[in-house]
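K.L.:
Based on what follows, work out the 3D shape:
(one chain, ligands or ions: 3)
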Amino acid sequence: MERPSRLLLVSELRVRNSAYDVSLSRSLLTWKRRTSSPVYHPFRPRFCVPSFPRRQASGVCHSVSVSEIISVREEEEENGCKDDGSWKKINEREGKDCRQAFTVLYVERCQQHRWRCAEVSFTCPEGALCQRWVTSIREQLAAISTPKQLLVYINPYSGKKHGKHIYEQKVAPLFALAGVTTHVIVTEHANYARDHLRTEAELKKFDGVVCVGGDGMFSEIIHGLIWRSQIYGGVDPNCADESLLPSSLRIGIIPAGSTDCICFATVGSNDPVTSALHIIVGDSQPMDVCSVHHNNTFLRYSVSLLGYGFYGDVLTDSERKRWMGPARYDLSGVKMFLTHHYYEGTVSYLPARGIMGNPRDANRCRSGCVVCQHNGRLISEKAERYQMDEETDRESEGEWKTIRGKFLAINAASMSCACPRSPKGLSPAAHLADGTTDLILVRKCSRFDFLRHLLRHTSKDDQFDLNFVEVHRVRRFCFTPRPCQSDSDLDLRENGKHQIFGQICRNHPACGCAPAYSSWNCDGEILTHKAIDVRVHSNLIKLFARGIEEPTVFDDLTNPCAI
Ligand SMILES: CCCCCCCCCCCCC/C=C/[C@@H](O)[C@H](COP(=O)(O)O)NC(=O)CCCCCCCCCCCCCCC
Ligand SMILES: Nc1ncnc2c1ncn2[C@@H]1O[C@H](COP(=O)(O)OP(=O)(O)O)[C@@H](O)[C@H]1O
Ligand SMILES: [Ca+2]
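P.N.:
Ligands and ions are numbered 1, 2, ... in the order given. This is a model prediction of the structure:
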């Protein structure tokens, strides 16, 4: 248990006309109602627990972590001078300074990992004391590294095209309250944000970058930032063996997209206000990034799903239905499920050895995850040894394994990929920053079996506990599709005068002529290459997030979110 730190200020102040003992330490602001006997509430803690680093609502005592205070403001005269017999009124009559109340805005936890901005006003017996409180709280806030200046990119076409509205109505007012200044750019076309970050953006001026949109918009941001770090650091992004340089700017995601899996899996909800508050308090969550290569040429980065077969086909089909908004994925999902294509190919992978954790674990990656911390340390130690003794370390990396077969889906999940469609995700025990990705192979099976597998993403049942599914935690993997049998086969499927016939076959699988190749779905973007080489880069980027928090006994019992 955390030790209560030294108190900086203790006073008797009033909250809604009741007397409270209010105290401030470096880590906590606490207000405890003065009563002769403690109020007993059958479901809530009876006494204040000042060492608990969160706001707690009991009938008796509240405490809020200083790191979760959004701002403090002095109340204007007319607001506070109510005829309620308070100290303020008395002092006003005596002609003294009327500014004797101050309001603290802070993070309040609601259901389903949502955060809200709550406020409490304290009335002081005299103006000088009010000043001391405001100054002391502001001094504590200044000691915390929170973002002051942010570069914001809005994709106006994400999801249901509400990005601008969400930002203006829900996020900008909170940034203003917290004193965060912003430079807002509404993108004009695809890759606008990526190219702006690569070349033009004056990154030194900012403490972070925020994207308003979906996973595709986030992908643009990381492509811009990672590329810039490598070019400035003289690292060749094309070479899969090169270790990439981390990007120092943190990234915030205001979810306004169609899947929002990166936001959901790092915060626990796809709620814009919650994400804005995580940005304001300056949270930091490291994250792994996969680099995808083809013949030593860099293709793309991925942080969530790299999917060939089912998810690649769903994406390809859904792009034609963009006008439908997020529902396009469900329609294409049903269509591709019925189409039931399988693809032949070879998967080779390097199992992650000597690390904590397994894709079949019951434990989940949560805020302050020990698995991520342990494996992150292990990988950076290994990288240092590797520089000293390349040969020994290559040997200790272990053996490549190879699997050939017919697959309905080949998925690499570098994080759980939890999203509203599947709150536990594609790989529920995957970690955000353990330096690995979970390689899920779904072999050819009946439609009924594949449906069982898909349905298990939405229930407590284990989607990997099926004889046609296997999962491996890996550091690196390659995929090569089975080449077409003959030139005429290739012609029939892909090229020339048979193109139309090929297309008909694709659309009418009953004729038995299925396409040879799928596409890779790389965080929601289609990859043109089929044969790829993928490497995980541990802790390459940082988000304004803290991972999903474990629900506490207090969260279970406190308010169900008024706003
Ligand atoms: C029967 C119900 C089965 C539900 C199975 C749900 C599994 C969902 C796993 C989703 C993983 C998502 C990983 C993230 C991908 C995103 O990066 C990426 C881009 O997001 P953005 O548009 O916000 O930029 N999103 C996607 O690629 C979308 C994937 C969505 C897949 C939806 C699949 C629905 C399947 C429905 C099958 C229904 C069969 C019914 C038979 C009668
Ligand atoms: N102004 C724009 N016009 C058109 N496309 C854009 C624009 N800005 C970004 N994009 C692209 O839109 C695609 C989808 O964006 P995303 O934010 O992921 O929305 P969604 O979740 O609905 O797919 C991405 O490929 C992104 O590069
Ligand atoms: Ca990972």
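K.L.:
middle-most residue in the chain, spatially?
P.N.:
Thr266 (3.0 Å; CA atoms, centre = their mean).
K.L.:
Please report how far the residue lying closest to that one once chain neighbours are set aside lies from ligand 3.
P.N.:
Nearest residue to Thr266, sequence neighbours excluded (CB to CB, 6 or more residues apart in numbering): Ala545, at 4.1 Å. Yep, even glycine has a C-beta here, placed from its N, CA and C like the rest. Per CB to the ion, to the nearest Å, Ala545 is found 14 Å from ligand 3.
K.L.:
The stretch 201-350 of the chain: strands as residue ranges?
P.N.:
Counting by DSSP state E, counting those that start in this stretch, the stretch 201-350 of the chain has strands at residues 208-213, 250-255, 285-294, 297-302, 305-309, 343-351.
K.L.:
Which positions in the stretch 451-563 of the chain make contact with ligand 1?
P.N.:
Residues of the stretch 451-563 of the chain lying close to ligand 1 by CB under 6 Å from any ligand atom are Leu451, Leu454, Leu455, His457, Thr458, Asn521, Asp523, Gly524.
K.L.:
same thing with the stretch 301-450 of the chain?
P.N.:
Within reach of ligand 1 by CB under 6 Å from any ligand atom, the stretch 301-450 of the chain has these residues: 304-305, 311, 314-315, 329-330, 333-334, 337, 417, 419, 421-422, 426.
K.L.:
Can you name the residues in contact with stretch 529-538?
P.N.:
Stretch 529-538 is contacted by residues 240-241, 243-244, 288-295, 299, 302, 306, 308, 375-376, 379-380, 412, 414, 433-437, 474-481, 517-520 when judged by CB atoms under 8 Å, 6 or more residues apart in numbering.
K.L.:
show me where pLDDT drops low in the chain?
P.N.:
Scanning the chain for pLDDT under 70 picks out the ranges 1-5, 36-59, 76-99, 384-397, 484-513, 552-563.
K.L.:
hmm, 80 instead?
P.N.:
1-5, 35-60, 76-99, 380-398, 483-514, 551-563 (pLDDT under 80).
K.L.:
give me the element the nearest residue to Leu244 once chain neighbours are set aside is part of.
P.N.:
Computed as CB to CB, 6+ apart, the closest residue to Leu244 that is not its neighbour in sequence is His537, at 4.9 Å. Counting by DSSP states H and E, the element that carries His537 is strand 532-543.
K.L.:
Pull out the buried positions in stretch 140-151.
P.N.:
For stretch 140-151, a neighbour-count test (16 or more other CB atoms under 10 Å) marks Gln140, Leu141, Thr146, Pro147, Leu150, Leu151 as buried.
K.L.:
what's the answer for stretch 174-190, then?
P.N.:
Neighbour-count burial for stretch 174-190 flags Leu174, Phe175, Ala178, Val180, Thr182, Val184, Thr187 (criterion: 16+ other CB under 10 Å).
K.L.:
tell me the contacts of the closest residue to the third one other than its chain neighbours?
P.N.:
In this structure, Ala178 finds its nearest non-sequential neighbour in Ile280, 4.4 Å apart by CB to CB, 6+ apart. The neighbours of Ile280, taking CB under 8 Å, 6+ apart as the test, are Ile70, Thr146, Pro147, Leu174, Phe175, Ala178, Val180.
K.L.:
one step back: pick out the most distant pair among the residues of the stretch 301-450 of the chain next to ligand 1.
P.N.:
Ser304 and Val334 (22.0 Å; CB to CB).
K.L.:
Between the two, point out the one with more neighbours.
P.N.:
Using other CB atoms under 10 Å, the more surrounded residue of Ser304 and Val334 is Ser304, with 32 against 11.
K.L.:
what about the residue of the stretch 1-150 of the chain found nearest ligand 2, which SS state?
P.N.:
The stretch 1-150 of the chain approaches ligand 2 most closely through Leu150 (17.9 Å), counting by CB to the nearest ligand atom. Secondary structure state of Leu150, per DSSP: H, G, I helix; E, B strand; the rest coil, is strand.
K.L.:
Hmm, Cys211 and it touching each other?
P.N.:
No. Contact criterion CB atoms under 8 Å: Leu150 and Cys211 do not qualify, at 10.7 Å.
K.L.:
list the residues that contact both of these two?
P.N.:
In contact with both Leu150 and Cys211: Gly252, using CB under 8 Å, 6+ apart.
K.L.:
Up against ligand 2, what does this protein have?
P.N.:
Going by CB under 6 Å from any ligand atom, the residues of the chain near ligand 2 are 155-159, 187-192, 213-217, 220, 257-259, 524-525.
K.L.:
Now, of those, which are buried?
P.N.:
Among those, the ones that count as buried by 16+ other CB under 10 Å are 155-159, 187, 213-217, 220, 257-259, 524-525.
K.L.:
Out of those, which sit inside helices?
P.N.:
If you go by DSSP state H, these have Asp215, Gly216, Met217, Glu220 in helices.
K.L.:
got a list of what the third one touches?
P.N.:
Neighbour list for Met217: Tyr153, Asn155, Ser158, Thr187, Ala193, Cys211, Gly257 [criterion: CB under 8 Å, 6+ apart].
K.L.:
at 6 Å instead, please
P.N.:
Asn155, Ser158, Cys211 (CB atoms under 6 Å, 6 or more residues apart in numbering).
K.L.:
partners of the last one in the sheet?
P.N.:
The one in question is Cys211. Beta-bridge pairing of Cys211 under DSSP bridges involves Tyr153, Ile253.
K.L.:
Kindly provide the distance from it to ligand 1.
P.N.:
Per CB to the nearest ligand atom, to the nearest Å, Cys211 is found 11 Å from ligand 1.
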